[in-house]
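Q: Quick one, structure for this:
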Amino acid sequence: MTTAVAAPFRFFALQVVTTRRLGHCLVRVTFAGPELRHFRSGGRDQSLSLFLPHPGQDAPVVPLELGWGSPRSSEAESGGGWWQGWRELPADVRAVMRSYTLRGLRADAEGRTTEIDIDFVLHGVSEEAGASAEAGPASRWAARAATGDRVLLLGPAIADNRAIRFRPPEDTDLVLLWADETALPATAAVLETLPAGTRARVWLEVPHSGDVQDLVTDADADITWFVRERSPAPGQDSPMALDELRAAQLPADSRPYVWIAGEAGCVKQLRRHFVGERGIDRRRVTFVGYWRRGLTEEQLRDEA
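A: Purely as a prediction, here's the structure:
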């Protein structure tokens, strides 16, 4: 007798369905494909790895067993042996790999996923001038994405998986969230999952006033936006919300859970505030550096 164990992650060949500009620096791309019927996620801050083609390529270049129209090997399905094969491809040929969070999904009547949404931050891209020299490959791809464009996704095949980090303890009675624009999609998804009556304080930082969104939640949420274009010191290395956070009065008898995500240096400062200055148990603080100022994702990956 043998027992089958479902691989927690697998690869999905997807195509762009639609794109929609959400603000000055955000665009939502909707993906679909037959393989999505195997996609499962409990939402919240679900992390994904997206493989994108370089300009001039009609599909992302990956090891043969992962490519479009190729049978998936069991090793590839489990997310195990593909890494070395991908790394051995020439850097200017192999697919661009970037980490994103799931913004939303839709399923059919039988619960099979039919579409997923991913929100992209368009660093160095504007509607008026297009992509500048500082725009990265993922921003450039998202800015020109069109129906039918092909990508590869490494994502979850089971709903409760280790790539979901937002996990408040059962006794939590106050949720504290901070995010910059890169973690805004995850924050929006988290807020949508909070049950009615949950107390939440939220601080969000975005580059432009046009990036401020109406966020949907049943929670009792107090949301404060900080806009860098209004700041007297744009481009500062500290979170704009830090002074307000230090001045914020939190209930003395609360059992808070903290989730902070975005630029790694800002995340580090905020974690120091919550743990060191406020004395919140570090086990009740989840912190994720989505990016680091001055480094590409490839450089961060090599450093790790």
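
Q: how about the strands in the stretch 201-304 of the chain?
A: 220-227, 256-263, 285-291 (DSSP state E, counting those that start in this stretch).

Q: of these, which approaches Leu174 most closely?
A: Nearest of the strands of the stretch 201-304 of the chain to Leu174, taken as C-beta to C-beta: strand 256-263 at 4.3 Å. Placement of C-beta: from N, CA and C, glycine included.

Q: Contact partners for Ala261?
A: By C-beta atoms under 8 Å, 6 or more residues apart in numbering, the contact list for Ala261 reads Asp45, Trp178, Ala179, Thr182, Ala183, Ala186, Thr187, Val267, Phe287, Val288, Gly289, Tyr290.

Q: Taking the residues you listed, tell me the two that lie furthest apart.
A: Largest pairwise distance in the contacts of Ala261, by C-beta to C-beta, is 15.2 Å, between Thr187 and Gly289.

Q: For the nearest residue to Thr147 once chain neighbours are set aside, list each beta-bridge partner.
A: Leaving aside its sequence neighbours, Thr147 sits nearest to Val16 (C-beta to C-beta, 6 or more residues apart in numbering; 5.6 Å). Note on Val16: beta-bridge partners Phe31, judged by DSSP bridges.

Q: Isn't Val16 up against Val27?
A: No: if you go by C-beta atoms under 8 Å, Val16 and Val27 don't touch, sitting 11.2 Å apart.

Q: the domain parsing of the protein - what is it?
A: 9-156, 174-291 (automatic domain parsing).

Q: Would you format those domains as a markdown table with distance to Arg165 and mean pLDDT included?
A: Below are the domains of the chain laid out as a markdown table (distance: least, C-beta to C-beta, whole Å; pLDDT from 0 to 100):
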| stretch | distance to Arg165 | mean pLDDT |
| --- | --- | --- |
| domain 9-156 | 6 | 87 |
| domain 174-291 | 5 | 93 |
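
Q: for those, which one sits closest to Ile164?
A: Closest to Ile164 of these, according to C-beta to C-beta: domain 9-156, at 5.2 Å.

Q: What is the end-to-end distance of the closest one?
A: This stretch, domain 9-156, spans 4 Å end to end (C-alpha to C-alpha, to the nearest Å).
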